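Student: Turn this into a model:
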Amino acid sequence: MASRLSHDEDAVALFSAIVPTLAHVSYGSTSPRDAVLRCLQSRVLMVGAGGIGCELLKNIVLLGFGDIHVVDLDTIDLSNLNRQFLFRHEHIKKSKALVAKEVAQKFNPKVKIEAHHANIKEAQFSVEWFRGFNIVFNALDNMDARRHVNKMCLAADVPLIESGTTGFNGQVQVIKKGVTACYDCTPKETPKSFPVCTIRSTPSQPIHCIVWGKSYLLNEMFGASEDESAFDHTQDQDNAEEIGELKKESEALKKIREAVGSEEFPQLLFDKVFKADIERLRSMEDMWKSRQAPQALDYKALMEQASEAIASKESILQDGQKVWTLEESLVVFNDSLERLSKRMLELKSAHDGSGPAPMIEFDKDDEDTLDFVAASANIRSTIFGIERKSRFDIKQMAGNIIPAIATTNAIVAGLCVLQAFKVLKGEYNKVKEVK
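Tutor: Next up is the predicted model:
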C-alpha cells in the first residue's frame, strides 16, 4: 500500500507541476490530485500502435493511467519511422505493440503496460475481456477493425473513444451505448487514402495494389524516388545489420533505375519487387500469423507460360474492360516498361542539365503510365491473393494518396485524452465529436 501511495503522490506532483492548467480545463472544478487519481485507477485498452497510437500511448503514460493494454497485429516498417516516434531503425520487423510498450514504459516506469501482438478480432479478445476496461481507445487505420471494436464495446457496454486522421484532417468521437451514436450509425465513405505501411507491406484490397503501383513503383523507376535519402543518418552499432540490409535494398533500386532502357531492365525490376521483396516480407513470420502470406513469382517461369499472351498483346491492350490474367499482366508490364523507358531516355537526351531532372508522372489519360500501373497492380494482387481488376476499373480507382502527418496525429491524440477525462467523470453531456 505504501508503494502505491508513493506512486500516487509522485504522479500528482508531476501532473500538478507540468500541466495544472490542463487538469482544471479538463475537469472543471476537480483538483489536479483527483484528476490524476482517477487516471491511476483506470484500466484502459488502446487498439492500434501506429501514428495516432504512438502519440496517444505517450499521453496516457505521462498522465499516469495506471493499467494500459495495447493491441496491434503489425510489425514496424522503415516507412513508419518518420512519424511513429516511438520506433527506431533497430526496431524494424519487430512488433509495434511490444516495442511501443518497451519505449513508452521508460517515460513512466510506474505505469503498468501490457502489450498484445495480435489481431483484435481474435477469440481471446472476447466481450468479457472488453468488460474489464474502463475505457477503450481506437487508434486504427482500417474500417473493418474499427467496426469490430465498436461492436465489442457496445456489447460490453464500455465507452469507446474512436479516432482517425487523413492528411491534415482528423476526427475524435466518443461512443457510449444508449447515450451517443455508434461508429456504424452514420454511413462511411470508402477511404480514399491509405497508410503507407499498408501499401508497402500488407495490402488486402485492389486499391492498395493500385496505389502501390502508381505512387511507389512508378515514382521509383521514372519519378521522384521516395527512398533516395532514406539512409541519411548516423549508423548505430546495435542496428548495423538491419541498416546494411536496407542499404542493399536502396542500392538495388538505384541500380535497376540505372538500367532503364536496357534489355535486362524488365526482369531486373520484376525480380526485385515481385520476388526478392516478397521473399523478404514473407520471412517476417509474425506478420502472417493471421493473414495469407504472399507468394513470390519467378520471371523466367512466368514468361514460359506467357507465349499465348505475347502473341495476342495487341488485343489485350485494346480491351480495357477485360481483367487480365497473370500472364497477360506480365506482357503489359514488359510492354509498358519498354514504352516508358523509351520516353525517359528521350527526356534525358533533351535535358540540358539545368533545372530538375526529367521525370514521368502518372496521368490517368496517359496510356503508358496507366498500363504500367494496371499491370503492376494486378501482378501484386495475384501475389497477395487479391482480386485483379480491369484497366478501366483501375483508371477509375487510381486516386491521390494523402500522406500521414505527425502533427495531425498528435492533435487528435491530445483530443482523445481530453474526451477521456470527461468520460471517466461520466459527463457524457459534455463530450463532443471533433472534426
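Student: Only C-alpha atoms from now on, for both contacts and neighbour counts.
Tutor: Fine.
Student: C-terminal to the strand or helix carrying D271, what's the next element?
Tutor: Element membership for D271 (DSSP states H and E) is helix 265-271. Using DSSP H and E, the helix or strand that directly follows helix 265-271 along the chain is helix 277-282.
Student: list the buried ones in that following helix?
Tutor: For helix 277-282, the neighbour count (16 or more other CA atoms under 10 Å) marks D277, I278, E279, L281, R282 as buried.
Student: In CSV, please show the C-alpha coordinates belonging to the following helix or strand past that helix.
Tutor: Next along the chain after helix 277-282, taking DSSP H and E as the criterion, comes helix 299-305. C-alpha atoms of helix 299-305 as CSV (Å, rounded to 0.1, in the frame of the first residue of the first chain):
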residue,chain,number,x,y,z
TYR,A,299,10.1,-14.2,-64.1
LYS,A,300,11.5,-16.9,-66.4
ALA,A,301,8.9,-19.5,-65.4
LEU,A,302,6.1,-17.0,-66.0
MET,A,303,7.5,-15.9,-69.3
GLU,A,304,7.5,-19.5,-70.5
GLN,A,305,3.8,-19.7,-69.6
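Student: Numbering from 44 from now on, please.
Tutor: In the new count, where the first residue is 44, that last one comes out as helix 342-348.
Student: contact partners of helix 342-348?
Tutor: By CA atoms under 8 Å, 6 or more residues apart in numbering, the list of residues contacting helix 342-348 from outside reads Q310, F313, D314, E370, L373.
Student: Pull the most distant pair out of those.
Tutor: By the measure CA to CA, D314 and E370 form the most distant pair in those, at 15.2 Å.
Student: biggest helix in this protein, by residue count?
Tutor: Ranked by residue count, the top helix of the chain under DSSP state H comes out as helix 369-393.
Student: all strands of the protein, in order?
Tutor: 86-90, 110-114, 155-159, 178-181, 203-209, 212-218 (DSSP state E).
Student: For the fifth one, which strands pair with it and how are they oriented?
Tutor: Using DSSP bridges, the neighbouring strands of strand 203-209 in the sheet come out as strand 178-181 (parallel), strand 212-218 (antiparallel).
Student: And for the second one?
Tutor: Looking at strand 110-114 with DSSP bridges, its paired strands and their directions are strand 86-90 (parallel), strand 155-159 (parallel).
Student: Identify, out of those strands, the most deeply packed stretch.
Tutor: Of all the strands paired with strand 110-114, strand 86-90 has the most neighbours on average by mean count of other CA atoms under 10 Å, namely a mean of 22.
Student: what's next to that one, contact-wise?
Tutor: Applying CA under 8 Å, 6+ apart, the contact partners of strand 86-90 are 96, 100, 108-115, 163, 175-183.
Student: same thing but at 6 Å, please
Tutor: With contact meaning CA atoms under 6 Å, 6 or more residues apart in numbering, strand 86-90 is reached by D110, I111, H112, V113, V114, F176, N177, I178, V179, F180, N181, A182.
Student: out of those, which is most surrounded?
Tutor: Neighbour counts for the contacts of strand 86-90 peak at A182, which has 29 neighbours (criterion: other CA atoms under 10 Å).
Student: Surely that residue and G96 touch.
Tutor: Yes - counting by CA atoms under 6 Å, G96 is a contact partner of A182 at 5.3 Å.
Student: Now which of the contacts of helix 342-348 would you call buried?
Tutor: Neighbour-count burial (16+ other CA under 10 Å) applied to the contacts of helix 342-348 gives F313, D314, E370, L373.
Student: From M186, how far off is the first one?
Tutor: Using CA to CA, to the nearest Å, F313 is found at 32 Å from M186.
Student: returning to what we had before: would you list the buried ones among the contacts of helix 342-348 in TSV and tack on distance to V215?
Tutor: Output for the buried ones among the contacts of helix 342-348, formatted as TSV (distance: CA to CA, whole Å):
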residue	distance to V215
F313	42
D314	43
E370	46
L373	44
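Student: Now mean pLDDT and distance to V303 too, for the strands paired with strand 110-114, in TSV please.
Tutor: Output for these, formatted as TSV (pLDDT from 0 to 100; distance: least, CA to CA, whole Å):
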stretch	mean pLDDT	distance to V303
strand 86-90	96	44
strand 155-159	96	45
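Student: nearest to M195, of the ones you listed?
Tutor: Closest among these, using CA to CA: strand 86-90, at 12.2 Å.
Student: if we can go back for a sec, closest to K139 among the buried ones among the contacts of helix 342-348?
Tutor: Closest to K139, out of all of these and judged by CA to CA, is D314, at 29.1 Å.
Student: Quick check: the closest one vs Y342, distance?
Tutor: Taken as CA to CA, the span from D314 to Y342 is 7 Å.
Student: try A161
Tutor: A161 sits 35 Å away from Y342 when distances are taken as CA to CA.
Student: and these two? which has more neighbours close in?
Tutor: A161 (20 against 17).
Student: Run through the residues that contact the residue lying closest to that one once chain neighbours are set aside.
Tutor: Using CA to CA, 6 or more residues apart in numbering and skipping the chain neighbours, the partner closest in space to A161 is L116 (4.5 Å). By CA under 6 Å, 6+ apart, the contact list for L116 reads H160, A161, N162.
Student: What is the burial count for Q248?
Tutor: Neighbour count for Q248, taken as other CA under 10 Å: 16.
Student: Likewise for E389?
Tutor: Residues near E389, counting by other CA under 10 Å, number 12.
Student: same question, the one 10 residues further on
Tutor: A count of nearby residues for P399, using other CA under 10 Å, gives 7.
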